[in-house]
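Colleague: give the three-dimensional model of this entry:
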Amino acid sequence: MAPILAFTMDRSTCSRSTETRTYNSCRTRHCPKCQRVATERWLPARRRELLPIPYFHVVFTLPHDLNPLAQSHPRLVYRLLFQAATSPLLRFGRDPQPLGGMLGVTAILHTWGQNLSQHVHVHCIVTGGALSPDGRRWLPARPGFLFPVRALAKVFRGTYLAGLQRAFDRGDLHLTGSLAAVADPAAFTGWLAALRHHAWVVYCKPPFAGPEPVLAYLGRYTHRVALSNERLLAFDENRVRFRWRDYADGDRLKIMDLDVDEFSAAFFSTSSRTASCASGTSGCSPTVAARGTSPAAAHSWRRHPSRPPRRRSPCGRSCSA
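Modeller: Okay, the predicted model is just below:
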């Protein structure tokens, strides 16, 4: 039986003096035993928004060079990620050549990998087609193809770095510690120029079994902790061992063996990222207006079609808990 990381428990005695034990939820998303009810509410709500059409699973991943900035400015970094991920999708959807209408997008943010390393990426479930500008026709995408991935990656990178430059110009970035070297305007501009030469990972494919399994996969982590009890194999006063799946190595299951201090630092760093499973929706569908669904720091919004908005791992490494 796997060890239990954390839980709370009530003890009560019935009229026959037999003791019973029941879990008493602490209602924090950092506890591996709690928040299941919140997840069960979230998942059916998202399923009700699905339409009888093809969908695509799109993942946008930030380069790890931005990890220090995400640690010091999480809200800004995550907000820009939502904007930079959905902006090219909506922009390409409005282009008359591929579609010429308004896409529907549900976006969910993850900030860690299965091995508890910092790995910031956003999963998007995207309609395989668009609503026409007059709101009367459905414009289907080509079978098995939504948009060119390289073009998406270029626009994603450009949009994100432009947002960082604007934040710097406004004085929203306070660059200290390991980022102190780029606090000067010229050095910051040079840092962004170097990031433009990186390959920004974007994955875009239709899910094999439709969108519901993708929602179920993402729903396991929208309100819960980075490491579940089932993956924890053993621990003592010196070491902690847990399972993780390496998606970049053929989905192989591997064992991570960490010093207890190293494990504690990794685990609690994921717990401190309060927006690590924020979610949001954007765009419109023929039957349901998109609604924001964030538990904490969601970037959600509502659009109208007549007002356009201003097996390697999908994210390049191992995703989710």
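Colleague: from now on I want contacts and neighbour counts done on CA atoms only, so please keep to that.
Modeller: OK.
Colleague: tally of neighbours for Leu50?
Modeller: 18 (other Cα atoms under 10 Å).
Colleague: repeat that for Arg166.
Modeller: 12.
Colleague: and it, which of the three is it?
Modeller: Of the three states, Arg166 takes helix according to DSSP: H, G, I helix; E, B strand; the rest coil.
Colleague: mind listing what's buried along the helix or strand that Leu43 is a member of?
Modeller: For Leu43, the enclosing helix or strand under DSSP states H and E is helix 36-49. Across helix 36-49, burial judged by 16 or more other Cα atoms under 10 Å covers Arg36, Ala38, Thr39, Trp42, Leu43, Arg46.
Colleague: spit out the contact partners of the spatially closest residue to the fourth one that is not a sequence neighbour.
Modeller: The one in question is Trp42. Nearest in space to Trp42, with sequence neighbours left out and distances taken as Cα to Cα, 6 or more residues apart in numbering, is Gly219 at 7.4 Å. Residues in contact with Gly219 (Cα atoms under 8 Å, 6 or more residues apart in numbering) are Thr39, Trp42, Leu43.
Colleague: retrieve the pLDDT associated with Gly219.
Modeller: At Gly219, the model reports a pLDDT of 72.
Colleague: look up how far Phe242 lies from it.
Modeller: Counting by Cα to Cα, to the nearest Å, the gap from Gly219 to Phe242 is 21 Å.
Colleague: likewise Leu50?
Modeller: Distance of Leu50 to Phe242, given as Cα to Cα: 35 Å.
Colleague: against which helices or strands is the helix holding Leu43 packed?
Modeller: helix 211-219 (3 or more Cα pairs under 8 Å, 6 or more residues apart in numbering; DSSP states H and E).
Colleague: what pLDDT is listed against the nearest residue to Pro54 once chain neighbours are set aside?
Modeller: Sequence neighbours aside, Gly128 is the residue nearest to Pro54 in space, at 5.0 Å (criterion: Cα to Cα, 6+ apart). pLDDT for Gly128: 91.
Colleague: thinking again about what came up before, lowest-confidence member of the buried residues of helix 36-49, which is it?
Modeller: Lowest pLDDT among the buried residues of helix 36-49: Arg36, with 67.
Colleague: can I assume Gly128 is in contact with Phe56?
Modeller: Yes: using Cα atoms under 8 Å, Gly128 makes contact with Phe56 at a distance of 6.2 Å.
Colleague: got any residues that touch both of these two?
Modeller: Counting by Cα under 8 Å, 6+ apart, the contacts common to Gly128 and Phe56 are Leu146.
Colleague: returning to what we had before: okay, the contacts of Gly219 in JSON lines with distance to Ile255 next?
Modeller: Listed next are these as JSON lines, based on distance: Cα to Cα, whole Å:
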{"residue": "Thr39", "distance to Ile255": "27"}
{"residue": "Trp42", "distance to Ile255": "31"}
{"residue": "Leu43", "distance to Ile255": "30"}
